[in-house]
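> After the sequence you'll find the predicted model.
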Amino acid sequence: MADDQNQTDKPNALPDEGQMLDRLPVTIQSQYIKDLSFENPNAPMPLRNSEGKPAIGVDFAMDAKRLELDDFENSYEVSLYITVKASKGEITTFIAELEYCMMVTLNDVPEDKIHPLLLIEMPNYMFPFARQIIADLTQKAGYMPFLLSPVNFKALYRKQFGGPQPNVHERSSEKEKETA
């Protein structure tokens with residue numbers, strides 16, 4: 001009986017690594033900064049003038065395009081665009097723009113699931129890396145690190161591309177927020 005128990009605890013009781021990789025729907029090939037811009041147009045004044053907090057606006061967008069590469073079949077480049085604008089009154093404090101990308105290969109994903117997979121799930125994976133880049137960038141420019149708040153990419157997807165309406169539970173929680 002002890003031998004039977006040890007048999008299932010052995011690593012070779014698991015599927016072969018190659019078999020496991022074949023079954024994963026997404027393979028992340030690489031992540032990279034495609035475009036990065038930081039403007040500090042009124043420096044050093046915003047750095048010296050610490051009166052009040054700046055008004056900060058953040059915009060997100062997502063995009064995906066199919067890549068035609070010989071070595072990678074069914075590959076896509078997913079882009080996450082983030083723009084952060086800070087100002088105090090009429091004075092622009094800073095503008096940060098980032099296009100952070102991921103190259104992925106899809107394996108046996110149904111056609112109707114590809115678009116939401118690329119534009120909801122992949123940005124969810126990319127977000128922590130992009131968040132860190134923005135925080136480092138603002139800190140290196142002389143400001144406090146700007147930490148992006150978590151993002152609901154499913155809601156952004158619905159806003160940008162349409163899609164199924166929220167279920168009853170989501171609607172009721174949205175109404176609670178409006179009335180609270």
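Looks like it arrived, so ask away. Numbering: from 1, shown residues only.
> Confirm for me that Pro54 is in contact with Ala86.
Yes - using Cβ atoms under 8 Å, Pro54 makes contact with Ala86 at a distance of 4.1 Å. The way it works is simple: take the backbone N, C-alpha and C, and place the C-beta from them, glycine included.
> More neighbours: the two, which one.
Neighbours per residue (other Cβ atoms under 10 Å) separate Pro54 from Ala86, with Ala86 holding more: 20 against 17.
> So which other helices or strands are in contact with the strand or helix carrying Ala86?
Using DSSP states H and E, Ala86 sits in strand 72-88. Helices and strands touching strand 72-88, by 3 or more Cβ pairs under 8 Å, 6 or more residues apart in numbering; DSSP states H and E, are strand 26-39, strand 55-69, strand 91-106, helix 122-140.
> Parallel or antiparallel, which strands does it pair with?
strand 55-69 (antiparallel), strand 91-106 (antiparallel) (DSSP bridges).
> pLDDT averaged over the longest one, what's the number?
When the per-residue pLDDT values of strand 91-106 are averaged, the result is 95.
> who's in contact with the residue nearest to Ala141 when sequence neighbours are not counted?
Residue nearest to Ala141 in three dimensions, not counting chain neighbours: Asn40, with 5.5 Å by Cβ to Cβ, 6 or more residues apart in numbering. By Cβ atoms under 8 Å, 6 or more residues apart in numbering, the residues touching Asn40 are 46, 94, 141-142.
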